[in-house]
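**Student:** got a predicted model here, sequence first, then my questions.
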Amino acid sequence: MKKLFLLLVLAASSVFTKAQDTITITTWNIEHLGSSGRGLGGIGKGNLPLRKSDDFKAIASLIKTSLQSDIIALQEIALSDTTNGRESDQLDSLVKYLGSEWKYVLGTRGAGDILGSQVHNMQNAFLWNSSKVHLIESFTMDFENIKIGKNAFDRHPLVGYFEAIKKGEENQTDFLLVNVHLKSGQNNDENHLGAMVIIEQNLKDYLKDHGIKESDKVILGDFNDNPYDERYFDLLYRYMEHRKYVDLVTEDLGATRMDDDLKSIIDHVLVNSSFKNEMVEVKAKRYFPTSDLAEWRKIYSDHFPISIEVKVRKDGDVD
């Protein structure tokens, strides 16, 4: 218990500074929440157990106090029940410590569906503070059996259409988040480029089918693609620049995952030109623990949370 307290104190020293009338959007691969398989490779590798009650308390404290997140795009949430709708016992436990105002939605398809097995059926998810933001609608982009050499997705993209809540005022801050987890394990990146082309080219039709007209878009998550690694090209990011998106995770931000050399930059946040106008600063922030990384991983993840901050506008606001 003393070790847990020390971790919380040390982590608190990395608290983000947050402006008033803003919301913070975070992407975080939380490393097998609710399934075996934690501890594969990198700093702190080993057979890591499922999280327990004290771990959920610590994660909830990180989210509320250090990250100050209002929405989190989560990757690697394991299903605990697929018979009565899709549920996650461990995500339920986390929400219990976050508070009753926190809600979540899971993707409707995952790796188990794609690969034909329920053993490691993990989902993408959105977790949000309902006192700060409202989920208007969510849906999964179902790309079953689409392959580019190999399966293009570890799990299908989950789309969330959100609006900010400003008490006592009508506001016009709404935006679209596309939570992705691209297929891992490639030594080259034509698979990742192809997957992103599929997402970007099909998103317009998905929005039309759901009756959504929204210009502010963010594609974020675990891309399993490092444009600063010689094994990869930067074609995905060059293509998305052509489509008017910019990646806010740059090389100087540092590693987003705990590989042995801390050189893995595989979590990304792509924002389109319209959404850039809604940001406090057009850059992402990385939460980096001040405690021992191997110890931090036991509770939290082998990935570091990446966040951006968005203005909350009301009707009549102009730049």
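**Tutor:** Looks like it arrived, so ask away.

**Student:** quick one, phi psi at Ser66?
**Tutor:** Torsion angles at Ser66 (phi, psi; degrees, to the nearest 10) stand at phi -90, psi -50.

**Student:** and the end-to-end length of stretch 250-269?
**Tutor:** 10 Å (CA to CA, to the nearest Å).

**Student:** what's in contact with it?
**Tutor:** Around stretch 250-269, the neighbours that count as contacts under CB atoms under 8 Å, 6 or more residues apart in numbering are 27-29, 41-44, 218-229, 247-249, 283-284, 286, 288, 293, 297, 302-304, 306, 308. Any C-beta I mention is one placed from the backbone N, CA and C, and that applies to glycine too.

**Student:** buried ones only from these, please, as a PyMOL command.
**Tutor:** In PyMOL, this line selects whichever of the contacts of stretch 250-269 come out buried by 16 or more other CB atoms under 10 Å:
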select buried, resi 27+28+29+42+43+44+218+219+220+221+222+223+224+225+226+227+247+248+249+284+286+288+293+297+302+303+304+306+308
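
**Student:** the strands in the stretch 151-300 of the chain, which residues?
**Tutor:** In the stretch 151-300 of the chain, the strands defined using DSSP state E, counting those that start in this stretch lie at 153-164, 174-182, 217-222, 245-247, 267-272, 285-286.

**Student:** what about the helices in this structure?
**Tutor:** Along the chain, counting by DSSP state H, helices occupy 2-12, 53-61, 89-98, 111-115, 190-209, 235-242, 273-276, 293-299.

**Student:** what's the closest of those helices to Ile136?
**Tutor:** Smallest distance to Ile136 across those (CB to CB): 11.9 Å, for helix 190-209.

**Student:** hmm, who's touching the closest one?
**Tutor:** Residues contacting helix 190-209 (CB under 8 Å, 6+ apart): 139, 141, 143, 146, 148-150, 152-153, 157, 159, 176, 178, 180, 182-183, 186, 213-214, 217, 219, 223-225, 232, 235-236, 239-240, 243, 245.

**Student:** how far off strand 217-222 does it point, in degrees?
**Tutor:** Calculated by axes from the mean of the first three to the mean of the last three CA atoms, to 10 degrees, helix 190-209 forms an angle of 140 degrees with strand 217-222.

**Student:** so which of the helices of the chain comes closest to Val133?
**Tutor:** Per CB to CB, nearest to Val133 of the helices of the chain: helix 89-98, 13.8 Å.

**Student:** list the buried ones in the closest one?
**Tutor:** So helix 89-98, judged by 16+ other CB under 10 Å, has buried residues Gln90, Leu91, Ser93, Leu94, Val95, Tyr97, Leu98.

**Student:** could I get the average pLDDT for that helix?
**Tutor:** Confidence for helix 89-98, expressed as mean pLDDT, is 95.

**Student:** elements contacting that helix?
**Tutor:** strand 22-33, helix 53-61, strand 71-78, strand 102-106, strand 122-129 (3 or more CB pairs under 8 Å, 6 or more residues apart in numbering; DSSP states H and E).

**Student:** mind running it again at 6 Å?
**Tutor:** Judged by 3 or more CB pairs under 6 Å, 6 or more residues apart in numbering; DSSP states H and E, helix 89-98 is in contact with helix 53-61.
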